[in-house]
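# sequence and predicted model, in that order:
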Amino acid sequence: MNKSILIAESGTPVDRAERRGDVGKSSGETYAATLTQLMPGAQIDIARPSDEDAAELSADDIVRYDAVFITGSPMHVYNDTPPVQRQLRFMRAVFASGVPSFGSCAGLQVAVAAAGGTVRKMPERLEAGISRRIVRTAAGERHPLLEGRPAVWDAPALHGDEAEHLPENATLLAGNRITPIQAAEIRHDRGIFWGVQYHPELAIGEIAAALRREAESLVDAGLGRGKDDVGAMADRLDRLHREPTCRAHQWQLGVDEEFANEARRRTELLNFIRAIPSLDRRPGRAA
């Protein structure tokens, strides 16, 4: 039987419009395109729970899906605003439904906050373009989310917020010096969530477009001496996007196949998709 998938965009209509202007897709539409490749035949719906006019989905509504994916966005989960409140209520309904869930970037932060953890603005600096030298914890060495990853790897990233403290019944799986919580499992209510702070769903060209969009903020954060510096980094990423096997492009960015190769970048997504049946805690289906 083909799976039924729900993608929840964790941003606002303005966020979606700006991203479509840059790369032609909202974050949810990017996820849908990626999952269509990875899960041929799956029925994929997109929800926008933070929108003011969105119908609020209950656990009974969500339980008909086989998995839920929570996207990244510029949403600051620590701000007590109506869009954030709506997003957190949705995530709590996902946990209550028992449907397995996966999230990247703000998706991880939403799950952390919904389960009782905390999220903060990063105290040191942004992670922009490439998250460097991610390392598994002892628990991560044994966890199926990170199966196939080497001892150390890089991943696409762009975030200025991070999970500060994981909630109860959560397991830290990976981190690096800049962002100590890079991957985690959260067990809350009836549900199981796997998440990463980086972006396994993104093409390298989408990261390049995001850097150009955020150029002023990156310069303000000291990551470039001017917009030309940011543009040069984005240009290198675009070249790698077009020629991912080119050793010169990889060398100039200081990355290897874990970042350059599309299948390797998607490791966590593929591992979650394979694990969906074992994570399913819907009523009548729990193992």
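Structure received. Numbers count the residues shown, from 1 in each chain.
# what is the burial count for the residue lying closest to residue 100 once chain neighbours are set aside?
Among residues not flanking residue 100 along the chain, residue 279 sits closest, at 3.7 Å (C-beta to C-beta, 6 or more residues apart in numbering). The way it works is simple: take the backbone N, C-alpha and C, and place the C-beta from them, glycine included. Counted by other C-beta atoms under 10 Å, the residues lying close to residue 279 total 22.
# next one: residue 254
Residues near residue 254, counting by other C-beta under 10 Å: 10.
# OK, contacts around it?
130, 132, 154 (C-beta atoms under 8 Å, 6 or more residues apart in numbering).
# I'd guess the second one is in a strand, am I close?
Looking back up the chat, that one is residue 132. Yes: under the criterion used here (DSSP: H, G, I helix; E, B strand; the rest coil), residue 132 sits inside a strand.
# report the contact partners of it.
With C-beta under 8 Å, 6+ apart, residue 132 has these contacts: 154, 176, 178, 254.
# same list, those, but as a markdown table with distance to residue 78 please.
Formatted as a markdown table, these follow (distance: C-beta to C-beta, whole Å):
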| residue | distance to residue 78 |
| --- | --- |
| 154 | 27 |
| 176 | 21 |
| 178 | 18 |
| 254 | 32 |
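# is there a quick PyMOL command that grabs whichever of those residues are buried?
To isolate the buried ones among the contacts of residue 132 in PyMOL, judged by 16 or more other C-beta atoms under 10 Å, type:
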select buried, resi 154+176+178
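# hmm, back to that, which one of the contacts of residue 254 is nearest residue 160?
residue 130 (15.1 Å; C-beta to C-beta).
# how about the closest one: what's its closest non-neighbour residue?
According to C-beta to C-beta, 6+ apart, the nearest residue to residue 130 is residue 154 (5.3 Å).
# show the subsequent helix or strand relative to the host helix or strand of the one you found.
Here residue 154 sits within strand 152-159, counting by DSSP states H and E. For strand 152-159, the following helix or strand on the C-terminal side (DSSP H and E) is strand 161-165.
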